[in-house]
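Peer 1: with the sequence up front, the predicted model follows.
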Amino acid sequence: MQERTFEPSQGKAGYQRLLTPHRRPYPTADGYLCVMPYNNRHWQRFFELVGRPELVGDERFSQQSARSKNIDALYAIVAESMLARSTAEWIELLGKADIPCGQMNTPEDLFSEPHLKAVEMFPKIEHPTEGTLRHIKVPVKFDKTPGGLHRHAESLGASSVEVLSELGYSAEAIAELEQRGVTRTG
């Protein structure tokens with residue numbers, strides 16, 4: 001609702017901080033970083049960290065309401081600033097300043113991510129015809145309906161006779177469908 005909460009409306013619907021195209025993981029010198037200074041203290045510390053202490057007193061960025069109105073310019077400053085250091089350097093500096101941040105992982109990074117390794121998120125399984133495969137574990141646990149791999153996908157046609165029989169097809173009709181190439185069995 002945002003500004004449409006008020007009657008009369010005070011502006012457009014939508015949360016501008018989320019809608020800006022500049023709010024995304026930021027490129028660093030060697031990767032990507034998600035950083036989210038949020039309150040006045042975060043922003044003051046951020047401006048000092050990036051060597052722009054004069055922005056603390058800039059009326060466009062001094063208060064939350066002003067930052068929201070100037071969010072594109074603000075996030076453009078964040079994007080430009082992040083290029084100056086490596087992801088690890090930023091995580092250390094931002095962490096010491098108590099500014100929320102985190103490294104953006106690539107899909108390949110996920111296989112070596114410590115938490116996902118600890119919970120065995122990508123277990124290896126043996127497939128009867130394809131050999132060793134890696135799959136993604138169900139990320140939640142339910143007591144009564146546990147998720148997981150209960151059986152492998154069947155090969156094409158493995159259940160055709162069973163399914164067609166349940167639908168009322170005779171053995172002769174199924175053989176004819178297979179001969180015509182409509183279905184495959186086994």
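Peer 2: Thanks, I have it. Note that this is a predicted model, so its numbers are computed, not measured.
Peer 1: longest helix anywhere in this protein?
Peer 2: helix 71-82 (DSSP state H).
Peer 1: contacting residues around that one?
Peer 2: Residues from elsewhere that reach helix 71-82 (C-beta atoms under 8 Å, 6 or more residues apart in numbering): 16-17, 20-23, 26-28, 33, 35, 37, 46, 50, 52, 55, 60-61, 67, 90. Where C-beta positions appear, they are placed from N, C-alpha and C, glycine not excepted.
Peer 1: right, and the helix or strand after that helix?
Peer 2: helix 87-96 (DSSP states H and E).
Peer 1: please name every helix or strand in contact with that following helix.
Peer 2: The contact analysis (3 or more C-beta pairs under 8 Å, 6 or more residues apart in numbering; DSSP states H and E) places helix 87-96 against strand 32-35, helix 40-49, strand 101-103.
Peer 1: could you rerun that using 6 Å?
Peer 2: Counting contacts by 3 or more C-beta pairs under 6 Å, 6 or more residues apart in numbering; DSSP states H and E, helix 87-96 is packed against no other helix or strand.
Peer 1: and it, how far out from the chain middle?
Peer 2: Chain-centre distance of helix 87-96: 21 Å, with C-alpha atoms, centre = their mean, to the nearest Å.
Peer 1: could I have the CA atoms of that helix written out in CSV?
Peer 2: Provided in CSV are the C-alpha atoms of helix 87-96 (Å, rounded to 0.1, in the frame of the first residue of the first chain):
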residue,chain,number,x,y,z
THR,A,87,33.7,-9.0,-1.2
ALA,A,88,35.7,-10.3,1.8
GLU,A,89,37.0,-6.8,2.6
TRP,A,90,33.4,-5.4,2.5
ILE,A,91,32.0,-8.2,4.6
GLU,A,92,34.7,-7.5,7.3
LEU,A,93,34.2,-3.7,7.2
LEU,A,94,30.5,-3.7,7.1
GLY,A,95,30.2,-6.4,9.8
LYS,A,96,32.4,-4.4,12.1
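Peer 1: which residues are contacting that helix?
Peer 2: The contact list for helix 87-96 (C-beta atoms under 6 Å, 6 or more residues apart in numbering) reads Thr28, Asp30, Gly31, Leu33, Leu49, Cys101, Gln103.
Peer 1: same thing but 8 Å
Peer 2: Helix 87-96 is contacted from outside by 28-33, 35, 46, 49, 82, 85, 100-103, using C-beta under 8 Å, 6+ apart.
Peer 1: relative to helix 40-49, how tilted is the longest helix of the chain?
Peer 2: Note on geometry: by axes from the mean of the first three to the mean of the last three C-alpha atoms, to 10 degrees, helix 71-82 and helix 40-49 are set 40 degrees apart in direction.
Peer 1: state the mean pLDDT of helix 71-82.
Peer 2: For helix 71-82, the mean pLDDT works out to 93.
Peer 1: much appreciated, bye for now.
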